[in-house]
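A.B. asks: Let's see this in three dimensions:
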Amino acid sequence: MAELKDLHSFVAVADTGTLSQAARDVHVAQPALSRRIRALERELGVELLTRHAKGVTLTPAGAAFAQGSRELLQDVASSLARVESTATGRRGQVVLAATRGAAARGRPASCRCCGCAF
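C.D. replies: Purely as a prediction, here's the structure:
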């Protein structure tokens, strides 16, 4: 099964159009990156790249896979940021209570302590 590092590597290849530059970007040797992409293609059962002397181009399947990989990597990054924010107390659930009198006067547009909108 494809791992996040495989998706990240593939997106780097898709973005740069060359295996050598993508390998530098993801900090792996070019032959190792080539093997990683070939293994991904074997696992998926489809060619993702057309290889030529000046670099690579995405096949239609490769373009679709690149877009899906970017979205998935962004979702993972967002999830990790939410976890970190929650763990450090910057994100969570706040329950507010008010007396009838305070509720009758209305609620403020935002919180005085942090400025978050209601």
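
A.B. asks: Do I have it right that residue 19 meets residue 32?
C.D. replies: No: with contact taken as C-beta atoms under 8 Å, residue 19 and residue 32 are classed as non-touching, separated by 10.2 Å. Every C-beta, even on glycine, is put in place using the N, C-alpha and C of the backbone.

A.B. asks: So which of these two has more stuff around it?
C.D. replies: A side-by-side neighbour count of residue 19 and residue 32, using other C-beta atoms under 10 Å, places residue 19 first with 21 against 12.

A.B. asks: Now do the contacts for that one.
C.D. replies: The contact partners of residue 19, by C-beta atoms under 8 Å, 6 or more residues apart in numbering, come to 13, 30, 33, 34, 37, 55, 56.

A.B. asks: Out of those residues, which one has the weakest pLDDT?
C.D. replies: Across the set of these, residue 55 stands lowest in pLDDT, at 92.

A.B. asks: sorry, back to before: dump the contacts of residue 19 into TSV; add secondary structure and distance to residue 88 as well.
C.D. replies: Compiled in TSV, the contacts of residue 19 are given as follows (DSSP: H, G, I helix; E, B strand; the rest coil; distance: C-beta to C-beta, whole Å):
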residue	secondary structure	distance to residue 88
13	helix	35
30	helix	38
33	helix	35
34	helix	40
37	helix	37
55	strand	42
56	strand	41
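
A.B. asks: What is the nearest of the residues you listed to residue 5?
C.D. replies: Within the set of the contacts of residue 19, residue 33 lies nearest residue 5; the separation is 10.5 Å, counting by C-beta to C-beta.

A.B. asks: And for that closest one, the neighbour number?
C.D. replies: Other residues near residue 33 number 22, with proximity taken as other C-beta under 10 Å.

A.B. asks: Right, I'll leave it there.
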